[in-house]
Every structure is written in C-alpha cells, then in structure tokens.
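Chemist: With the sequence up front, the predicted model follows.
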Amino acid sequence: MGSQAWQRQTVTSIGDINGDTFSDGRRAVAFSADTALLTETIKGTKWFGAATSDCYGGTCAWDSSGTSNNRIEWRIQNGTSTAHNLHAGIYIDKKDFLNRGHIRPVAFDSNSKITIGNITRWENFGVARWLVREGDAFYVSEQTITPTTTAPRKAELSFINSISWANYNPQSSLDVTNPTFAPKTFQDVTAVGMVFDDDTFIRVRRWMRV
C-alpha cells in the first residue's frame with residue numbers, strides 16, 4: 001500500500017500572528033464524522049478526525065500524510081525550518097470495530113485496555129492523550145500517551161474506568177484548553193483514538209507512523 005494524502009486539506013493565510021511583518025499560514029483538515037481522513041482503508045479500517053497546524057511565515061507543508069505499509073503516517077519534515085504548532089484528534093469509528101463490536105454495544109470495565117501496537121515513529125507530537133466517544137460525545141483522557149522505548153514499541157491504557165476524562169469537542173476546537181477532568185465510565189463506546197496538543201511554535205520534525 002502506498003502513501004496517500006489526507007483528504008480535505010486546506011491552506012489559508014492567517015495574517016501576521018507573531019508580529020514579524022510576514023504573513024503566516026495554516027494547514028488544516030476540518031472535522032468530519034462522515035468523511036474519513038483517507039479514501040484508502042488501513043487493514044479495512046478508516047480513520048476519522050481533524051488536524052490543524054499554524055506556521056510562522058509559511059504554509060505548514062505536510063511532507064507525508066496518509067498511509068504507508070498498512071499504517072497511518074503523518075510527517076512534517078520541513079518543521080525544522082519553520083516554527084509551527086500542532087493540534088489534532090484522530091479516531092476509529094464504531095463501524096470498524098472488530099469482534100462484532102460494530103453491531104453490539106461496547107463498554108469498558110476493569111479489564112479493558114486501549115493499545116497502540118508496533119509503533120515505528122513517534123516524534124514531537126506534543127502532549128498526546130487518549131480519545132473516546134461515548135454515544136455522540138467525545139472525551140479526552142487526563143493520562144497522556146507515552147510509547148515504550150524498546151521495540152516493538154507500543155502505548156497502552158489500562159484501568160480505563162479508574163482514570164479521569166474531560167469533555168472534548170473537535171468540531172469547535174482541537175486544542176485541549178483548561179480541561180476539567182473527572183472520573184468517567186463508558187457504557188456506549190462509539191469511537192477510540194488519540195489527541196495531539198502542542199501550543200508551542202517550534203522548529204522540529206514531527207513524524208508518526210502507527
């Protein structure tokens with residue numbers, strides 16, 4: 001499977017946001033619960049969500065975004081020369097849950113886990129958190145995602161009902177700003193994914209492949 005760009009990308013001018021007299025830019029993929037990020041599936045699964053990145057004096061080129069070897073991949077290679085931030089929320093919808101989860105109610109209990117396995121790239125994605133949708137409402141975890149450092153790398157969330165969650169609305173803002181975390185139980189899980197949040201404008205390469 002080759003690389004394929006994310007759908008619905010837009011590039012806009014946002015004026016001079018850092019006061020250096022140069023026009024700054026924004027690249028974004030608007031949120032859609034109906035249209036996947038890619039026309040292509042990854043092992044039969046589609047990813048949904050949204051992303052945005054503001055750049056000083058540039059257009060925030062995403063050098064590679066899409067699929068690669070049955071993985072979702074996102075790389076901002078030129079970030080080393082252009083200071084930029086990043087906000088994103090991506091998820092798998094219930095319609096692609098396995099083991100008949102697409103037609104049966106899905107709930108989390110004390111034995112439930114969320115796992116991202118075989119991570120080959122995870123560079124400079126700011127604060128990453130787990131994303132769960134209960135019915136039509138999204139929630140973001142207080143616990144952050146920290147992949148293991150030895151191969152095969154993975155990230156895992158256990159004791160899901162024992163940690164705290166905050167409301168998250170990707171349709172209004174991808175930024176996790178002043179969240180109010182509280183205990184939460186999940187009885188009707190309809191999506192699972194990740195949120196990336198980096199408010200700082202920095203010059204770094206960002207690269208995710210999972």
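Modeler: Nice, I can see it. The model shown is predicted, which means the values in this text are computed figures rather than measured ones.

Chemist: what stretches of the chain score poorly on pLDDT?
Modeler: 1-4, 40, 43, 63-70, 77-80 (pLDDT under 70).

Chemist: Please enumerate residues in contact with the helix or strand encompassing residue 11?
Modeler: According to DSSP states H and E, residue 11 maps onto strand 9-15. With C-beta atoms under 8 Å, 6 or more residues apart in numbering as the contact definition, strand 9-15 has outside contacts at 23-30, 54, 59-60, 62, 65. For every residue, glycine as well, the C-beta is placed using N, CA and C.

Chemist: Quick one: buried ones out of the residues you listed?
Modeler: With neighbours counted using 16 or more other C-beta atoms under 10 Å, those contain these buried positions: 24, 25, 26, 27, 28, 29, 54, 59, 60, 62, 65.

Chemist: Kindly reformat those as TSV containing secondary structure.
Modeler: What follows is these, written out as TSV (DSSP: H, G, I helix; E, B strand; the rest coil):
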residue	secondary structure
24	strand
25	strand
26	strand
27	strand
28	strand
29	strand
54	strand
59	coil
60	coil
62	coil
65	strand
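
Chemist: quick one: which of those is nearest residue 195?
Modeler: Of all the buried ones among the contacts of strand 9-15, residue 29 has the smallest distance to residue 195: 14.3 Å, by C-beta to C-beta.

Chemist: Just list whatever residues bridge to the closest one.
Modeler: When assigned by DSSP bridges, residue 29 has beta-bridge partners residue 9, residue 51.

Chemist: Name the nearest residue to residue 71, ignoring sequence neighbours.
Modeler: residue 209 (5.1 Å; C-beta to C-beta, 6 or more residues apart in numbering).

Chemist: Right, I'll call it a day here.
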